[in-house]
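> my questions concern the predicted model and sequence given below.
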Amino acid sequence: MSSWIAYDDGRSIGSVGAEGSVILRDEVYASRARVTLKRGEKHISVSCNIYGWMDHARFYNSVREALREYKLMKPLLTNMVENILPKGEGGLKMWEAIAEFVRRFP
């Protein structure tokens with residue numbers, strides 16, 4: 001089983017994204033999923049990506065709240081990468097897992 005590691009060996013931390021947000025935390029899992037915490041001028045965001053499947057962003061009023069949710073999202077993303085995609089159940093089961101993730105983390 002893989003673990004979450006710093007994306008691009010941590011070089012993305014402190015960089016500014018296209019929308020002007022500063023990356024505070026950025027991790028990747030098994031080269032299949034990524035989660036990024038960013039602070040913008042008016043909001044804090046967490047974006048989750050399962051490569052080729054999902055790109056989902058959430059917005060918060062504080063870094064503390066965003067970090068708490070960031071940590072809660074990672075196990076569900078891990079589950080999708082570890083238990084659904086490798087079994088060739090990418091189709092319907094993957095879309096069901098994504099729908100459940102988005103319901104839990106709107």
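Happy to help now that I have it.
> tell me the contacts of residue 19?
By C-beta atoms under 8 Å, 6 or more residues apart in numbering, the residues touching residue 19 are residue 40. Bear in mind the C-beta positions are built from the backbone N, C-alpha and C, glycine included.
> next, it: secondary structure please.
Of the three states, residue 19 takes coil under DSSP: H, G, I helix; E, B strand; the rest coil.
> name the helix or strand for residue 75, please.
Here residue 75, judged by DSSP states H and E, is contained in helix 63-79.
> what residues sit buried inside that helix?
66-67, 69-70, 73-74, 76-78 (16 or more other C-beta atoms under 10 Å).
> what would those look like in CSV with pLDDT?
Listed next are those as CSV, based on pLDDT from 0 to 100:
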residue, pLDDT
66, 98
67, 97
69, 97
70, 98
73, 97
74, 97
76, 95
77, 96
78, 95
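> which of the residues you listed lies closest to residue 92?
The nearest member of those to residue 92, counting by C-beta to C-beta, is residue 76 at 17.6 Å.
> from residue 57, how far off is that closest one?
Applying C-beta to C-beta, to the nearest Å, the value for residue 76 to residue 57 is 16 Å.
> then residue 28?
On the measure of C-beta to C-beta, residue 28 and residue 57 end up 17 Å apart.
> and if you look at residue 24?
Applying C-beta to C-beta to residue 24 and residue 57 gives a distance of 15 Å.
> same thing with residue 70?
When distance is defined by C-beta to C-beta, residue 70 is 12 Å away from residue 57.
> which residues are common contacts for those two?
With C-beta under 8 Å, 6+ apart, residue 70 and residue 57 have common neighbours residue 46.
> check contacts around residue 27.
Residue 27 sits next to 4-7, 34-36, 74 when contact means C-beta under 8 Å, 6+ apart.
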